[in-house]
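**Q** take this sequence and fold it.
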Amino acid sequence: MLLTPPEHRPLSGSDPLSWHLLARLPGIGPQRWQALLDNLDDPATLFNDDAHTLRSMGLPPEARRTVQAWQSGDHRHDAIADALRDQSEAQRLGLTVLTRADPRYPASLEAIHAAPPLLYVRGDPDWLSRPQVAIVGARKATRAGLDHARQFARVLAERGWVVTSGLALGVDGHAHQGALEGGGGTLAVLGTGADVPYPKAHGRLRERIVEQGALVSEFPPGTRPHAGHFPRRNRLISGLSQGVLVVEAGLRSGSLITARLALEQGRDVFAVPGAIHNPQARGCHQLIRQGAALVESVDDIEAELSEWWQPANTPEPAPAPTPAIPDHLEARERQVLSVMETEASSTDQLCDRTGLDADQLMQAILLLEMEGLVRTVPGGFERT
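**A** Below you'll find the predicted structure:
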């Protein structure tokens, strides 16, 4: 059942419908969405702007047509009808909708690049703002890997940490179960709508999580699983958490994407070592070689995370002088090095500054790393 379409009215960030509309604007990917946030005090006010202003903001034609359809009261326009349906379904299902204007929207997500305009939550939304550690790993984990996930999660929960994962089969499911056994809270970040029972094998686990945590999704109700949704989900798993523990992962595991995103977001990454002949341990060993903390117990995790909390009045050291760019470098590598700072820059930031695509950028960074001029750090890359 749809909400009664509202008469056209000026929109602001305090109106939940404006955020449903923003989330449905066609042609607005993460980069443009971030630009709206960076340049507008209230992104929802673009629904009140004229055609010239919308064009000057760089909105693609399909997005401008959606805004103009709203202004003309055309609620049959696809994006507007979808937004109205999203709001109606969320109400019908009893989901909490946290918009970027809601004080309950988690501050940890607000700090990451291209955070979603809204979140659909089934369960208690207060869990999203509590200290979290993510546990991720292989779907086809070994028995030892599943036991590690469960044991780490149980102890973390007993010590007051919320355990966050993706509700997938394997390590994710056992992490959620361990947190529940430890009497703590757990968050399941989904690559589907919060109402979609996926995977079906975790039906009972979903209900237990709702009772002792929450299901979280940036996707509207009814969204079915799709391969492209899960990398987007992974950035929220790492963004909500203060650290990410990888229990088992092959070299092509999606868990390594979560770990990379965690580093770019300035989160700590931890990995559990495994047997050298276990293919599901190779991803963890690769992470450890790249600087992830090797952990054998929750004490190891807490020792690292204690540095995450710094007193607000701690003076920052003076910045080091920027080293000169060597003359022998090719033009592309010189360009990348010229925009890279002595503090971490993410791949998205470096692509924006150089105009290079991601493949060209990563080739340049690889050469610069081989020269010893750049290193991988939490948050992306920095000059040495």
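**Q** quick one: the closest residue to Cys284 other than its chain neighbours from Glu333, how far?
**A** Residue nearest to Cys284 in three dimensions, not counting chain neighbours: Ala271, with 4.0 Å by Cβ to Cβ, 6 or more residues apart in numbering. Yep, even glycine has a C-beta here, placed from its N, CA and C like the rest. Applying Cβ to Cβ, to the nearest Å, the value for Ala271 to Glu333 is 30 Å.
**Q** more neighbours, these two?
**A** Higher neighbour count among Ala271 and Glu333: Ala271, with 27 against 21, using other Cβ atoms under 10 Å.
**Q** I figured that one hits Leu287, correct?
**A** Yes. In terms of Cβ atoms under 8 Å, Ala271 counts as a neighbour of Leu287; the distance is 4.4 Å.
**Q** overlap of the contact sets of these two?
**A** When contacts are counted by Cβ atoms under 8 Å, 6 or more residues apart in numbering, the set common to Ala271 and Leu287 consists of 246, 259.
**Q** may I have the phi/psi pair for Thr99?
**A** Main-chain torsions, Thr99, degrees, to the nearest 10: phi -90, psi 170.
**Q** helix or strand for the closest residue to it other than its chain neighbours, which one?
**A** Once flanking residues are discounted, Thr99 sits nearest to Trp19: 4.0 Å by Cβ to Cβ, 6+ apart. Per DSSP states H and E, Trp19 falls inside helix 16-24.
**Q** pull the helix or strand with minimum mean pLDDT from the chain.
**A** Here the helix or strand of the chain ranked lowest by mean pLDDT, DSSP states H and E is helix 30-39, holding a mean of 73.
**Q** buried set for it?
**A** 32-37 (16 or more other Cβ atoms under 10 Å).
**Q** of all the residues you listed, which two lie farthest apart?
**A** Spatial extent of the buried residues of helix 30-39 (Cβ to Cβ) is set by the pair Arg32 and Leu37 at 10.0 Å.
**Q** for the stretch 201-350 of the chain, which segments count as strands?
**A** With DSSP state E, counting those that start in this stretch as the criterion, the stretch 201-350 of the chain has strands at 213-217, 243-246, 268-271, 293-294.
**Q** in TSV: those strands, plus distance to Leu118 and mean pLDDT.
**A** Below are these laid out as TSV (distance: least, Cβ to Cβ, whole Å; pLDDT from 0 to 100):
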stretch	distance to Leu118	mean pLDDT
strand 213-217	10	98
strand 243-246	24	96
strand 268-271	28	95
strand 293-294	34	95
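**Q** quick check, Ile112 in contact with Ser241.
**A** No. Checked against Cβ under 8 Å, the pair Ile112 and Ser241 is beyond contact range at 10.9 Å.
**Q** more neighbours: these two, which one.
**A** More crowded of Ile112 and Ser241, by other Cβ under 10 Å: Ser241, with 29 against 20.
**Q** ok so, going back, how far away from the center of its chain is the least confident helix or strand of the chain?
**A** The chain centre lies 15 Å from the centre of helix 30-39; the measure is Cα atoms, centre = their mean, to the nearest Å.
**Q** chain neighbours aside, what residue packs nearest to Arg139?
**A** With sequence-adjacent residues excluded and distances taken as Cβ to Cβ, 6+ apart, Arg139 is closest to Gly170, at 3.9 Å.
**Q** one more: Leu37?
**A** Pro43 (6.1 Å).
**Q** one step back: among the strands of the stretch 201-350 of the chain, which is nearest Pro326?
**A** Closest among those, using Cβ to Cβ: strand 268-271, at 30.4 Å.
**Q** contacts for the closest one?
**A** 242-246, 259, 262-263, 284-285, 287-288, 291-295, 300-301, 304-305, 308, 378.
**Q** mind doing that once more with 7 Å?
**A** Residues outside strand 268-271 that contact it (Cβ atoms under 7 Å, 6 or more residues apart in numbering): 242-246, 259, 262-263, 284, 287-288, 292-295, 301, 304-305, 308.
**Q** got it, and stretch 104-111?
**A** 98-99, 115, 125, 128-129, 236, 239-240.
**Q** what about that stretch, how long is it end to end?
**A** 14 Å (Cα to Cα, to the nearest Å).
**Q** I figured Thr384 hits Leu368, correct?
**A** No. Using Cβ atoms under 7 Å, Thr384 is not in contact with Leu368, being 9.2 Å away.
**Q** list the buried residues of stretch 166-174.
**A** Of the residues in stretch 166-174, 166-168, 170-174 count as buried by neighbour count, 16+ other Cβ under 10 Å.
**Q** in a markdown table: the residues you listed, plus secondary structure and distance to Ile80.
**A** A markdown table is the format used below for the buried residues of stretch 166-174 (DSSP: H, G, I helix; E, B strand; the rest coil; distance: Cβ to Cβ, whole Å):
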| residue | secondary structure | distance to Ile80 |
| --- | --- | --- |
| Gly166 | coil | 31 |
| Leu167 | coil | 31 |
| Ala168 | coil | 34 |
| Gly170 | coil | 40 |
| Val171 | helix | 40 |
| Asp172 | helix | 36 |
| Gly173 | helix | 38 |
| His174 | helix | 42 |
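**Q** out of the residues you listed, which is nearest to Asp327?
**A** Proximity of these to Asp327 (Cβ to Cβ) peaks at Gly166, which lies at 47.3 Å.
**Q** gap between the closest one and Arg235?
**A** 11 Å.
**Q** swap in Leu287?
**A** 17 Å.
**Q** same deal with Glu248?
**A** Separation of Glu248 from Arg235 (Cβ to Cβ): 21 Å.
**Q** cool, and Leu251?
**A** Distance, Leu251 to Arg235, using Cβ to Cβ: 20 Å.
**Q** ok, now Ile80?
**A** As judged by Cβ to Cβ, Ile80 and Arg235 stand 27 Å apart.
**Q** where does pLDDT dip in the stretch 101-250 of the chain?
**A** For the stretch 101-250 of the chain, no stretch has pLDDT under 70.
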